[in-house]
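Colleague: The sequence and its predicted three-dimensional model are supplied below.
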Amino acid sequence: MIEVINLSHTYPGAGRPAVKDISFTIPKGEIFGFLGPSGAGKSTVQNLLIKLLPLQKGEIKYNGKGLKDLGRDFFNRIGVSFEHPNLYLKLTGLENLKYFAGLFQGETEDPVKLLERVGLGEAKDKAAAEYSKGMKQRLVFARALLNKPEILFLDEPTSGLDPATAESIKEIIKERQRAGTTIFLTTHNMYLADDLCHKVAFLNNGEILALDIPRNLKMKYGNKSVKIEYRSNGHLQGELLFPENEKDRARIGELLASGQIETIHSQEATLEQIFIKLTGRGLV
Ligand SMILES: Nc1ncnc2c1ncn2[C@@H]1O[C@H](COP(=O)(O)OP(=O)(O)OP(=O)(O)O)[C@@H](O)[C@H]1O
């Protein structure tokens, strides 16, 4: 379990804090999504969680133990995949994984199998310098899985990947979660968050605006709508109606009574719509 209690962080010389008094808990084996636009403070929180930034204010606990009481073994238990790849470009994909595997104490995954899993099997003997951006990203992702981590930190794990590759990365994330790994995922991508996360936190200007399971956020903040297509004078017409609204409810009744309806689709609000409603800005 990860507990974050009243965490704040101000970069030296900055006029205002990048992260302001945020708290959340991630139970073991859950995927927690941190959703917010550029500059919201996602990386700052992630860097505090993995001890890359010094803790200034607040508490971070892993299984009840404070961050400063965790020794070097902490780094054997976590896997980190950040957006900006830091790889040894002169080494091949396989040599990169073998090198990093050697840094961990304890059992590690088979690097060849991992590379195959992320679609780099054929490119394993090519220098990482020759990899495309997406291939480097997959190599970093594979590296994060090397030490069979208890906790995975993923930053935009599918950004810039083609849909099929993004899907296979998503499958691996789900598989790890089912195997008991706790996953902290930061993203701008609301579909990814909706699909993968047990809980999501909306972060804006360093503050958590909402935190819940995606379904509850949609129930709480979203307006359900109904899209109805019907025939009128031989032409197909469409209307988007909101059952919350009395006038729209009457109109839905009218259309049902007319017997001219061809399709009815109920639509939930998306996380993006809710984010805009809460902040007045989009996620990108
Ligand atoms: N090293 C730094 N020094 C000073 N200010 C910083 C530093 N890193 C980030 N910031 C500032 O802190 C705030 C939060 O940035 P952060 O990188 O955590 O946001 P983010 O949500 O991760 O954005 P992105 O999605 O673009 O990565 C921003 O205002 C940013 O300019």
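Modeller: It's in.
Colleague: residue contacts, residue 81?
Modeller: 140, 141, 143, 144, 152, 153, 154, 155, 157 (Cβ atoms under 8 Å, 6 or more residues apart in numbering). Glycine gets a C-beta too; all of them are placed from N, C-alpha and C.
Colleague: from those, which ones fall inside helices?
Modeller: In this view, the contacts of residue 81 that belong to helices under DSSP state H are 140, 141, 143, 144.
Colleague: returning to that earlier point: also near the ligand: which of the contacts of residue 81, exactly?
Modeller: Residues of the contacts of residue 81 in contact with the ligand (Cβ under 6 Å from any ligand atom): none.
Colleague: Check the spacing between the closest residue to residue 203 other than its chain neighbours and residue 184 real quick.
Modeller: Counting by Cβ to Cβ, 6 or more residues apart in numbering, residue 36 is the residue found nearest to residue 203 once chain neighbours are left out, at 3.5 Å. Distance, residue 36 to residue 184, by Cβ to Cβ, to the nearest Å: 14 Å.
Colleague: what sits opposite the residue nearest in space to the middle of the chain in the beta ladder?
Modeller: In the chain, the centroid-proximal residue (Cα atoms, centre = their mean) is residue 185; its distance is 3.7 Å. Counting by DSSP bridges, residue 185 is bridged to residue 33, residue 154.
Colleague: For residue 263, identify the helix or strand it belongs to.
Modeller: Assigned by DSSP states H and E, residue 263 falls within strand 261-267.
Colleague: Which residues of the protein lie near the ligand?
Modeller: When proximity is defined by Cβ under 6 Å from any ligand atom, the chain lies next to the ligand at 11, 14, 18, 36, 38, 39, 40, 41, 42, 43, 44.
Colleague: Selection in ChimeraX covering whichever of those are buried, please.
Modeller: Burial among the residues of the chain next to the ligand is assessed by 16 or more other Cβ atoms under 10 Å; the matching ChimeraX selection reads:
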select :18,36,40,41,42,43,44
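Colleague: Dump the residues of the chain next to the ligand to JSON lines, plus secondary structure and pLDDT.
Modeller: Output for the residues of the chain next to the ligand, formatted as JSON lines (DSSP: H, G, I helix; E, B strand; the rest coil; pLDDT from 0 to 100):
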{"residue": "11", "secondary structure": "coil", "pLDDT": "96"}
{"residue": "14", "secondary structure": "coil", "pLDDT": "92"}
{"residue": "18", "secondary structure": "coil", "pLDDT": "97"}
{"residue": "36", "secondary structure": "coil", "pLDDT": "88"}
{"residue": "38", "secondary structure": "coil", "pLDDT": "87"}
{"residue": "39", "secondary structure": "coil", "pLDDT": "90"}
{"residue": "40", "secondary structure": "coil", "pLDDT": "92"}
{"residue": "41", "secondary structure": "coil", "pLDDT": "94"}
{"residue": "42", "secondary structure": "helix", "pLDDT": "93"}
{"residue": "43", "secondary structure": "helix", "pLDDT": "91"}
{"residue": "44", "secondary structure": "helix", "pLDDT": "95"}
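Colleague: That's all I had, so thanks and see you.
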